[in-house]
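Q: structure for this input, please:
(2 chains)
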2 protein chains.
Amino acid sequence: MKFIIDANGGDNSPSEIVKGALEALKTVDCEICLIGIEEDINKELEKYSYNAEKVSVVNCTESITCEEAPARAVRRKKDSSIVKGITMVKEEEGDVFISAGSSGAVLVGATLILGRIKGISRPALASVYPILGSEPSLLVDAGANADCRVENLVDFAIMGSVYMEKVLGRINPRVGLVNNGAEEEKGSELTKKAYQALKETPLNFIGNVESREVPDGVCDVIVTDGFTGNALLKLTEGLAKHIMKLLVDKFTADARSKIGALALKPKLYEVKDEFDYSEYGGAPILGVKGGVIKIHGSSDANAVKNAIIKAVPFVEKKVVRTIEKAIENIE
Amino acid sequence: MKFIIDANGGDNSPSEIVKGALEALKTVDCEICLIGIEEDINKELEKYSYNAEKVSVVNCTESITCEEAPARAVRRKKDSSIVKGITMVKEEEGDVFISAGSSGAVLVGATLILGRIKGISRPALASVYPILGSEPSLLVDAGANADCRVENLVDFAIMGSVYMEKVLGRINPRVGLVNNGAEEEKGSELTKKAYQALKETPLNFIGNVESREVPDGVCDVIVTDGFTGNALLKLTEGLAKHIMKLLVDKFTADARSKIGALALKPKLYEVKDEFDYSEYGGAPILGVKGGVIKIHGSSDANAVKNAIIKAVPFVEKKVVRTIEKAIENIE
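A: Here you go, the predicted model:
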């Protein structure tokens, strides 16, 4: 198994990227290819001891920034880590490409270079959604497609179910459609039609879920358009951070509280950790003919390490092939 | 000033509704008209002492449930509290109608009976969005219109600004558009166009806001379509509840934590209270020619009392007339 790691994207590259990749190598039997500015990567590699047979470096001379228009950047910058890395996956020189770089460019690159799985109209970003005190759900689409049609939502549900079952090990995952009411007749034009279409699939569709219930883990696969999915994911991140910050402020406001806070510190950290995306691995782009995983732009070594570890079943369980089969069967 | 209170809607009517209305009477110089099943209301009224000159009761013989199709229910059930109450506002027998009943019926009733303000294509629900440790923002649309066009979002921004300034006293309120990226060119088809349209208004438009920033209070008026608004509001409610519950569970899991939790109890309650919607008053339907305020279906006496108190500036500052003028000026 070989992972191609983008060492020229995100806020902490190449230092944290290289560090995380080498840490993963301690627990996963795999090869790592680091792609980026060779000189900088080598400087980082020198800091560690590792099995040199398992690590290779590929140089690139161009960079794609988050400010660039993704499609244009992917078409022009052939020698960027994103374009070269995804091309290596296409040419079977690696199993999965992992990047903390521009989400738009990774998505467009994956779609243009690898191509879509037959029957999938729009690839989607599948992100783990943390459920406090329990196993996470999976949110599809987490932001790849701001405007969706009914068939896109059905594809998201199918791909999400396959990923949930194969990679996250959830049997017969419950699929819920994010909606503004629980009843079948509630919703926007899109969700009303999507409800009917999802009912016709062989999936374990449990109906509409209101976003109020999402944090309780009422379903395993949370299906929604990319605009709403992005809003839910970011609000969860922002609100959790805000609540935890406020609690810490209040808990350290006076002497009595400080004593209490000291006793509760481990528990507070437990809750904080549950929201820590770096623990959950990256977000795969589902629906393209190859493994591409996006990690947060601010990923540290721990996030990189976990993204690699959690990507192992993606390869082992042949997620791409399984989605292809699932789509064939349904059609 | 006279408030028409729906005493035949919501989970706790008429008992909590009557109790809350009488409590408001102690602090607000106004008249209260309770509309519902006269016999039941009178039974509740007997439990309290109050100034009988300020309280009247109107009987109704029909009820609209949340399960009914709103438009059909409003057209048929002329003797329901919702239809009668809104009609009283139209006929100037009261200033504001407040209901914990079916949101759909209240919205449709307000639109059909009172009519839309000239230039407003779609009335919207404006809900206070709690900002921990600070003054709340206002979310428009909080769920009235699942599918929106650009002009609807512009109307929401104008109406929200007027309400924020007149009722909540925020000078020159900052208007933010919920979007999946901060940059001008980001977004769905709808939000990209809405951004350009909002730029042309004389409002204090600060651009796109990502939902991650919403809990920090980055803007005073949060503009979005009703589907997304509903999702944001409900997720906030659900996630806050979930986090607080988990904290309490963890804080009482062992002896050491219990001691800490005891010291922090007042602080925990402070945070919990900030999410308590009953403190913030109800959600007005903006864009109709009269005062109609929706309160949560599970409202207790405290929520009813606060809805009345917070509705006073709605009447005093002539919000309906001010919106009419704002729309005229912009057009």
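
Q: and the stretch 1-150 of chain A, which residues reach chain B?
A: Contact residues of the stretch 1-150 of chain A with respect to chain B, defined by Cβ under 8 Å from any Cβ of the partner chain, are listed as A:67, A:132-133, A:143, A:146-147. Yep, even glycine has a C-beta here, placed from its N, CA and C like the rest.

Q: so what's the residue of the stretch 1-150 of chain A found nearest chain B closest to, chain neighbours aside?
A: Of the stretch 1-150 of chain A, the residue with the smallest distance to chain B, taken as Cβ to the nearest Cβ, is residue A:146 at 3.8 Å. On the basis of Cβ to Cβ, 6 or more residues apart in numbering or on different chains, the spatially nearest residue to residue A:146 that is not a chain neighbour turns out to be residue B:188, at 3.8 Å.

Q: what's in contact with the lowest-mean-pLDDT helix or strand in chain A?
A: Every helix and strand in chain A was compared by mean pLDDT, DSSP states H and E; the lowest is helix A:255-274, with a mean of 81. Residues from elsewhere that reach helix A:255-274, judged by Cβ atoms under 8 Å, 6 or more residues apart in numbering or on different chains: A:130, A:132-133, A:244, A:247-248, A:250-252, A:279, B:243, B:246-247, B:250-251, B:253, B:256-257, B:259-264, B:267.

Q: PyMOL command for the buried members of those?
A: The following PyMOL command selects only the buried members of the contacts of helix A:255-274, with burial defined by 16 or more other Cβ atoms under 10 Å in any protein chain shown:
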select buried, (chain A and resi 130+132+244+247+250+251) or (chain B and resi 243+246+247+250+251+257+260+261+263+264+267)
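
Q: list the contacts for residue A:149?
A: With the criterion set at Cβ under 8 Å, 6+ apart, residue A:149 makes contact with A:121, A:190.

Q: so residue A:133 lies in a helix, does it not?
A: No. Under the criterion used here (DSSP: H, G, I helix; E, B strand; the rest coil), residue A:133 is coil, not part of a helix.

Q: quick one: contacts for the closest residue to it other than its chain neighbours?
A: What sits nearest to residue A:133 in space, not counting adjacent residues and going by Cβ to Cβ, 6+ apart, is residue B:246, at 5.4 Å. Applying Cβ under 8 Å, 6+ apart to residue B:246 gives the contacts A:132-133, A:271.

Q: if I look at residue B:246, how far off is residue A:217?
A: Between residue B:246 and residue A:217 the computed distance is 12 Å (Cβ to Cβ, to the nearest Å).

Q: what's the farthest-apart pair in the residues of the stretch 1-150 of chain A next to chain B?
A: For those, the maximum inter-member distance is 38.9 Å, found between A:67 and A:133 (Cβ to Cβ).

Q: beta partners for the residue nearest the centre of chain A?
A: Centroid check for chain A by Cα atoms, centre = their mean gives residue A:283 as the closest residue, at 0.9 Å. Legend: beta-bridge partners of residue A:283 under DSSP bridges are residue A:294.

Q: pLDDT at residue A:331, what is it?
A: Here, the pLDDT recorded for residue A:331 equals 69.

Q: cool, and residue A:99?
A: Predicted confidence (pLDDT) for residue A:99: 98.

Q: now the one 10 residues further on
A: According to the predicted model, the pLDDT of residue A:109 comes to 97.

Q: if I look at it, how far off is residue A:58?
A: 16 Å.

Q: with residue A:295 instead?
A: For residue A:295, the distance to residue A:58 under the criterion Cβ to Cβ works out to 19 Å.

Q: so the two - more neighbours on which side?
A: Just comparing residue A:295 and residue A:58: by other Cβ atoms under 10 Å in any protein chain shown the higher neighbour count belongs to residue A:295, 27 against 18.

Q: what's residue A:291 sitting at in phi/psi?
A: Its backbone dihedrals place residue A:291 at phi -90, psi 120, with angles given as degrees, to the nearest 10.

Q: excluding sequence neighbours, find me the nearest residue to it.
A: Excluding the flanking residues, the one nearest residue A:291 by Cβ to Cβ, 6+ apart is residue A:96, at 3.5 Å.

Q: what about the strands in the stretch 101-250 of chain A?
A: Using DSSP state E, counting those that start in this stretch, the strands of the stretch 101-250 of chain A run over residues A:124-129, A:137-140, A:174-178, A:204-209, A:221-223.

Q: looking at the ones you listed, which is closest to residue B:166?
A: Once Cβ to Cβ is applied to the strands of the stretch 101-250 of chain A, the stretch that comes out nearest is strand A:174-178, at 34.0 Å.

Q: is that closest one positioned near chain B?
A: Yes. Strand A:174-178 lies within reach of chain B by Cβ under 8 Å from any Cβ, at residue A:178.

Q: is residue A:209 in a bridge, and if so with what?
A: With beta bridges defined as DSSP bridges, residue A:209 has these partners: residue A:178.

Q: in this structure it contacts residue A:176, no?
A: Yes. With contact taken as Cβ atoms under 8 Å, residue A:209 and residue A:176 are classed as touching, separated by 3.6 Å.
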